[in-house]
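[1] got a structure for you, letters missing:
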């Protein structure tokens, strides 16, 4: 999904990883895998990345991501997992309906960065606020994917520092990620972006619902 649309890896993976591994380990695992994916997608398109478009967004995101991650790492797991599921559902709904947003100035960038940082550390889902900002600002399509990868890579680093947890990654998810990249590359140009986006958001919503239900069960 990320290879097709520029976002979607954390949105789809994080809720399932949180359900399977718990909030801290699940979010950290998602962030590490996402960072590797960001590098893989960014490298062949690096010349089209525009750091100047995201430096202010990143400045606010880095602070929010670090502070939120420190809070998450010290909090009880079930409430954080429920929050992660809710964040995923809300994010999927926002991107599905694409509410009309106005403004692409510094205030909009600061708000997008802050929300993205909080969501990245609380649920491993930092993309929606920045995607909505990029849409409102009318970023040209050729620069969206590489610029988003650059932004995600930097924000993920601050999330990991705040979580104070570096997960061990087995070969299985790495191989699966490579397979996904290959399939995404083959489908690019054959599968329409709207169709890929809808599939991404439906999977994300299912994952968010699973996290909420399983976490509520652990509270009872």
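    Yes, it's here. Just so we're clear, the structure is a prediction, and the values are computed from it rather than from any experiment.

[2] Run through this structure and note the low-pLDDT ranges.
    Where the chain drops to pLDDT under 70, the residues are 76-77, 98-104, 193, 217-220.

[3] Centroid-nearest residue for it?
    Geometric centre of the chain, nearest residue: residue 125, 3.4 Å, by Cα atoms, centre = their mean.

[4] Could you look up the SS state of it?
    With DSSP: H, G, I helix; E, B strand; the rest coil as the basis, residue 125 sits in coil.

[5] Wait, it touches residue 91, no?
    Yes. Residue 125 lies in contact with residue 91 (Cβ atoms under 8 Å); the separation is 5.3 Å. Backbone N, C-alpha and C define where each C-beta goes, glycine included.

[6] what is in contact with these two at once?
    Counting by Cβ atoms under 8 Å, 6 or more residues apart in numbering, the shared contacts of residue 125 and residue 91 are 11, 119, 204.

[7] could you measure residue 154 against residue 54, distance?
    According to Cβ to Cβ, to the nearest Å, residue 154 and residue 54 sit 8 Å apart.

[8] Comparing these two, which residue is more hemmed in?
    Higher neighbour count among residue 154 and residue 54: residue 54, with 25 against 20, using other Cβ atoms under 10 Å.

[9] residues touching the more buried one, list them.
    By Cβ under 8 Å, 6+ apart, the residues touching residue 54 are 130, 147, 150-151.

[10] ok, residue 38 to residue 216 distance?
    From residue 38 to residue 216 the distance is 32 Å (Cβ to Cβ).

[11] now residue 137
    38 Å.

[12] Quick check on the residue nearest to the centre of the chain: phi, psi?
    Torsion angles at residue 125 (phi, psi; degrees, to the nearest 10) stand at phi -130, psi 80.

[13] Perfect, that will be all.
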